[in-house]
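Enquirer: Here is my input; please provide its structure:
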Amino acid sequence: MVKRVAHESAQARVDSHRDVVPVAYVLSAVVDGCAHVEQVSVAPAHAGHGLGAMLIDHLGALADAEDRPALTLTTFRDVPWNAPYYRRLGFVTLDAADQGPQLAAIVLREAASIPGGVPRVAMRRSPPVLTRGRARGR
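Expert: Numbers count the residues shown, from 1 in each chain. Now for the predicted structure:
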């Protein structure tokens, strides 16, 4: 069951096992008018069952209902469970010129705060893109 929790400019959606124990969540905010995925997490014991993709699809459906142009996120470019995973979910990498000012500022802040110069990327997905069956693209 997906439950919504809101706090000022950020929102969370939580998937619970048997309506008791939270096992996955997505944190989101609005960035440059888009629904921005701040964080997705799934408990290791529940990984590999599509919960993260389901939460992202849920957020995509909400973004579409709110007439938001897209979902965005920032992530590590080369970590297999980051950018490559999101590509499989329909996200595309954005060049700096294609990023809005708020998204570009997030990328710069993250790049400056993560030691070692590990490459970060901004990504975008236009809703609705459902990963578990139906529609892909508008």
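Enquirer: just checking, next helix/strand downstream of the longest strand seen in the chain?
Expert: Criterion DSSP state E: the longest strand present in the chain is strand 21-31. Downstream of strand 21-31, the first helix or strand assigned by DSSP states H and E is strand 34-42.
Enquirer: Taking strand 21-31 as reference, get the angle to that following strand.
Expert: 160 degrees (axes from the mean of the first three to the mean of the last three C-alpha atoms, to 10 degrees).
Enquirer: What residues of whichever helix or strand comes after strand 34-42 count as buried?
Expert: Downstream of strand 34-42, the next assigned helix or strand under DSSP H and E is helix 51-65. Neighbour-count burial for helix 51-65, counted by 16 or more other C-beta atoms under 10 Å, picks out Leu51, Gly52, Ala53, Met54, Leu55, Ile56, Asp57, Leu59, Gly60, Leu62, Ala63, Asp64. Yep, even glycine has a C-beta here, placed from its N, CA and C like the rest.
Enquirer: What helices and strands are in contact with helix 51-65?
Expert: Counting contacts by 3 or more C-beta pairs under 8 Å, 6 or more residues apart in numbering; DSSP states H and E, helix 51-65 packs against strand 2-7, strand 10-17, strand 21-31, strand 34-42, strand 71-76.
Enquirer: what about that helix, average pLDDT?
Expert: What helix 51-65 shows for mean pLDDT is 89.
Enquirer: Then stretch 122-133?
Expert: For stretch 122-133, mean pLDDT is 72.
Enquirer: Where does the prediction get shaky in this structure?
Expert: Within the chain, the stretches with pLDDT under 70 are 1-20, 127-138.
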